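Trainee: need coordinates for the following:
(2 chains)
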Amino acid sequence: MITLALPKGRLALQTVELLKRASLVDIDISEESRKLIMEDTQNSLRFLMVKPFDVPTYVEYGVADIGVVGKDVLLEMNKKVYELLDLKIGKCFVALAGPKGMSKALLGKPDKTIATKFPNIAKEYFENVRGEDVKIIKLNGSVELAPILGLSDMIVDIVESGRTLKENGLEVYEKLYDISARLIANRASLKLKTQIEDIINRLERMIEE
Amino acid sequence: MSKKFVDYYPLVSDTLEEVRERTIFLFKKFGYKLVEPSTFEDYEKSKNLNGSNTIKFMDSDGTVIALRNEFTPKVAEIAAKLQTNVYPLKYCYFGRAYQFIQQEAGDLREFFQAGIENFHTSDSFYIDLEVLALAVESLLELGVNNFTIDVGEVNFFKGIAKDCEIDEASSEVLCKLVDKKDYIGIENFLIRKGISQKVIDIFRNLTRLYGREDKIKEAKKFANNEMSKLAIERLSEIYNNMVKLGYQNYITIDFGMVKHLNYYTGIIFSGYIQELGYPVLNGGRYDNLCEIFGAKLYAIGFAIGVDRILEWKLKNTQIRERQYDSLVLYKEGHFEMALKLLLKTDNEKQKIYFYTVPAKIEEAFLISKAMKVGKFMYIDEEGVKTFVLEDLE
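Mentor: All right, here's what the predicted structure looks like:
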């Protein structure tokens, strides 16, 4: 039995769709279901529905053998897991954004405050790429509010269509990283459970098609 | 967040003691001598090795000293300083090490390590083989069954990196990406460096070169340089011999395992248990370390993460706290006799509980009943009498 940790929400549904197409599962999961564990005994697969930021943790400890999670979360958490596949779903990017038309003024400001769900990514970017020491405020969602209310100058956040930014009077200043969903694996599981290799190979063929 | 204080209660302490006895017994069987290195090390010396993540203090003379975060450098120093003609020099150890930051799952601030180091004056594949066999036997001795010792060879990676003319700084970054099997990261990194697609493909494939003997064959496709070829040969020879020794279920190969580039010089390995997500054993060949301490010695060793073994044992095996089967009690005024009796008993397995304060015979019965022992010895003016609780009831 292989345990797969999925991030609750759209990415979980997309992943199951992908697994189905690769004939690796034949169960349905719906967004309304409150079940946290689902089993496909026929294919000896078990699914855990967890928060995206918890996926790497479940996998690192080995309670889940493999997991699917966005590269943004992996960059932020930096856990000891294998990153085996780019599933090419959940595509978006991490961006530095702020109030429309203010980029020059704000990027030139000596004392910056950044609001973000990704303090490590933000810190790494400002320290290593821009060589700046900035104040970082960690928020857990609706990060776009911070510059509007004056809590921060700019934000570091994931951008998909850019609609949320636009509707809140913000724009992308700089694109930091391209993001997509990754298949990750626990180190011990990959070495001791051969079923994982089969899952990887079939998924990889599926993606490349 | 890991624990601030790592206390062991009797049940865990007993298990720890058992792990110590079993590992040291086995290490000694293989000819390894026990050493007890200092808890402190010179921070200036250790920080370049593996010592950046240490707990540091200011010494009275103004220098910085650190608590050891592993045993290997200290044991290597002892080996380098010892005057001897007899090699291989074989040392083992068991003790606590300390670290400042707990970076990964399973890490503790203070933790026990059991390990061995083998120092020698010329490189030999038999030494690699002995050390790997000992690694397998150690885990078997500790009662673990479903495990693998995953073996790699850093020169495979080093040879390819050199052949592709990748500079040292980039190799370091690349090594971390390969170790994580992050082929997308590898691709992005190499594209940014302006490296050809052919080379990128080689490094990408490196992340899939793990498994059993079929991977050795596959690895040959990527090794066009002498260094990598030798690495494959070494690994292949080790693998075949481990199979011959009957260890085929306990060994796997991973050419994509690289760990720290400038520390290891040959084979490297990690032990994984199925029920635990993180390695319980780590080791490898480090032929350059002793030079720092003034001796040219080849070396290989491993350390068992004892706390991880304990965690596994407590979760997956039946461990019960030691039960007493009898009590020694005495009447007021007979302490001396009772103590003499206790000293005469064979209490190696801690089966007898000495009740320190005097007790009346009725109390002795109730205490024994409460402690759920089968019998008790009672000392009074008439001497020693043994009572079986079943008979009394």
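Trainee: show me what contacts residue 74?
Mentor: You didn't pick a chain, so chain A it is. In this structure, residue A:74 makes contact with A:56, A:81, A:83, A:182, A:184, judged by Cβ atoms under 8 Å, 6 or more residues apart in numbering or on different chains. All C-beta atoms are positioned from the backbone trio N, CA, C, and that covers glycine.
Trainee: actually chain B
Mentor: Taking Cβ under 8 Å, 6+ apart as the criterion, residue B:74 is in contact with B:37, B:38, B:41, B:68.
Trainee: try it again with 10 Å
Mentor: Neighbour list for residue B:74: B:35-41, B:46, B:68, B:93, B:97, B:117, B:293 [criterion: Cβ atoms under 10 Å, 6 or more residues apart in numbering or on different chains].
Trainee: most neighbours of all the residues you listed, which one?
Mentor: Using other Cβ atoms under 10 Å in any protein chain shown as the neighbour criterion, residue B:117 leads the contacts of residue B:74 with 30 neighbours.
Trainee: tell me which residue of chain A lies closest to chain B.
Mentor: Nearest residue of chain A to chain B: residue A:62, at 2.2 Å (Cβ to the nearest Cβ).
Trainee: that residue reaches residue B:273, doesn't it?
Mentor: Yes. Counting by Cβ atoms under 10 Å, residue B:273 is a contact partner of residue A:62 at 9.3 Å.
Trainee: quickly list what's touching both of the two.
Mentor: Listed as contacting both residue A:62 and residue B:273 by Cβ under 10 Å, 6+ apart are A:188, A:192.
Trainee: next, the residue of chain A closest to chain B: phi, psi?
Mentor: As for residue A:62, its main-chain torsions (degrees, to the nearest 10) stand at phi 90, psi 0.
Trainee: compute the number of surrounding residues for it.
Mentor: Other residues near residue A:62 come to 23 when the count uses other Cβ under 10 Å.
Trainee: now, which of the contacts of residue A:74 lie within strands?
Mentor: Secondary structure assignment by DSSP state E places A:83, A:182, A:184 of the contacts of residue A:74 in strands.
Trainee: circling back to that earlier point, quick check: the residue of chain A closest to chain B vs residue A:79, distance?
Mentor: The spacing between residue A:62 and residue A:79, counted by Cβ to Cβ, to the nearest Å, is 12 Å.
Trainee: what residues are shared contacts of the two?
Mentor: residue B:105.
Trainee: show me the contacts for the residue of chain A closest to chain B.
Mentor: Contacts were defined as Cβ under 10 Å, 6+ apart; by that measure residue A:62 touches A:3, A:81, A:186-189, A:192, B:105-106, B:272-278.
Trainee: farthest-separated two in the residues you listed?
Mentor: Considering Cβ to Cβ, no two members of those lie farther apart than A:3 and B:106, which are separated by 18.2 Å.
Trainee: check what pLDDT the residue of chain B at minimum distance from chain A gets.
Mentor: Relative to chain A, the nearest point of chain B is residue B:277 (2.2 Å; Cβ to the nearest Cβ). Per-residue confidence at residue B:277 stands at 91 (pLDDT).
Trainee: pLDDT at residue B:313, what is it?
Mentor: Taking residue B:313 on its own, its pLDDT is 92.
Trainee: revised request: answer the last question for residue B:72.
Mentor: In the prediction, the pLDDT value recorded for residue B:72 is 93.
Trainee: could you verify my assumption that residue B:303 touches residue B:69?
Mentor: No. The pair formed by residue B:303 and residue B:69 falls short of the contact definition of Cβ under 10 Å, at 11.2 Å.
Trainee: pick out whichever of those two has more residues nearby.
Mentor: Neighbours of residue B:303 and residue B:69, each counted by other Cβ under 10 Å, are more numerous for residue B:69; the result is 22 against 19.
Trainee: tell me who's in contact with the more buried one.
Mentor: Contact criterion Cβ under 10 Å, 6+ apart gives B:41, B:46, B:49-55, B:97-100, B:110-111, B:113 as the residues in contact with residue B:69.
Trainee: ditto for residue B:65
Mentor: By Cβ under 10 Å, 6+ apart, the contact list for residue B:65 reads B:38-44, B:46, B:54-59.
Trainee: the stretch 101-250 of chain B: strands as residue ranges?
Mentor: Listed in chain order, the strands of the stretch 101-250 of chain B (DSSP state E, counting those that start in this stretch) span residues B:110-120, B:147-153, B:210-211.
Trainee: got a list of what residue 178 touches?
Mentor: Since you didn't name a chain, this refers to chain A. Remark: with contacts taken as Cβ under 10 Å, 6+ apart, residue A:178 is in contact with A:71, A:72, A:86, A:91, A:92, A:93, A:94, B:184, B:188.
Trainee: wait, I meant chain B there
Mentor: Taking Cβ under 10 Å, 6+ apart, we find residue B:178 in contact with B:157, B:160-161, B:171, B:185-186, B:203-204, B:206-207, B:209, B:255-258.
Trainee: got it, and residue B:356?
Mentor: For residue B:356, the contacting residues are B:328, B:329, B:330, B:335, B:338, by Cβ under 10 Å, 6+ apart.
Trainee: show me the residue at the heart of chain B, geometrically.
Mentor: Taking Cα atoms, centre = their mean, the centroid of chain B lies closest to residue B:304, which sits 1.0 Å from it.
Trainee: wait, is it part of a helix?
Mentor: No. Secondary structure of residue B:304, determined by DSSP: H, G, I helix; E, B strand; the rest coil: strand, with no helix assignment.
Trainee: run a quick neighbour tally on residue B:144.
Mentor: Around residue B:144 there are 23 other residues, counting by other Cβ under 10 Å.
Trainee: ok, residue B:262 next?
Mentor: Using other Cβ under 10 Å, residue B:262 has 14 other residues around it.
Trainee: quick one: the strands in chain A?
Mentor: Taking DSSP E as the criterion, chain A carries its strands at A:2-7, A:37-40, A:45-50, A:66-70, A:82-86, A:92-99, A:113-116, A:135-138, A:154-159, A:170-179, A:181-185.
Trainee: ok so, going back, out of the contacts of residue B:178, who's near chain A?
Mentor: Applying Cβ under 10 Å from any Cβ of the partner chain to the contacts of residue B:178, one finds that B:185, B:207, B:256, B:257 fall near chain A.
Trainee: out of those residues, which end up buried?
Mentor: Applying a neighbour-count criterion of 16 or more other Cβ atoms under 10 Å in any protein chain shown, the buried members of those are B:185, B:207, B:256, B:257.
Trainee: the second one and residue B:182: what is the separation?
Mentor: In this structure, residue B:207 and residue B:182 are separated by 7 Å, where distance is defined by Cβ to Cβ.
Trainee: got any residues that touch both of those two?
Mentor: With contacts taken as Cβ under 10 Å, 6+ apart, residue B:207 and residue B:182 have A:82, A:83, A:84 as neighbours in common.
Trainee: my guess is the first one contacts residue B:207, does it?
Mentor: Yes. The criterion here is Cβ under 10 Å, and residue A:82 meets it with residue B:207 at 8.2 Å.
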